[in-house]
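Asker: Give the three-dimensional model of this entry:
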Amino acid sequence: MNEIIELLKQEIPDSKVSFKEEGSRLALKVSSPIFKQVNRLERQRVVKRLLKPWIDSGALHAVMLTVTDGE
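Answerer: The predicted model follows:
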């Protein structure tokens, strides 16, 4: 999980990341000011693109995302 958190923080500037993990399921909250000018769907796409290797490998079975602009 640390690898995922570090990647998100590295790739999404000024991000705050929190999570709750239950087996292969993950509730993930990512917030960053860079999302202010981005619609909700695109916010989710950005994060899902970064999580793709773990989703494709089956390491993450289900991911519930909350992506905000920090406000």
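
Asker: Give me the pLDDT for V63.
Answerer: Looking at V63, its pLDDT stands at 89.

Asker: What are the neighbouring residues in contact with the residue nearest to the spatial centre of the chain?
Answerer: Nearest residue to the geometric centre of the chain (CA atoms, centre = their mean): V47, 4.3 Å. V47 is in contact with L8, I12, L28, V30, L65, V67, counting by CB atoms under 8 Å, 6 or more residues apart in numbering. C-beta coordinates here come from the backbone N, C-alpha and C atoms, glycine included.

Asker: Give me the buried stretch members for the host helix or strand of it, please.
Answerer: In the assignment (DSSP states H and E), V47 maps to helix 40-57. For helix 40-57, the buried set under the neighbour-count rule, 16 or more other CB atoms under 10 Å, comprises R43, Q44, V46, V47, L50, L51, W54.

Asker: Can you verify my assumption that V17 contacts K9?
Answerer: Yes. Contact criterion CB atoms under 8 Å: V17 and K9 qualify, at 6.0 Å.
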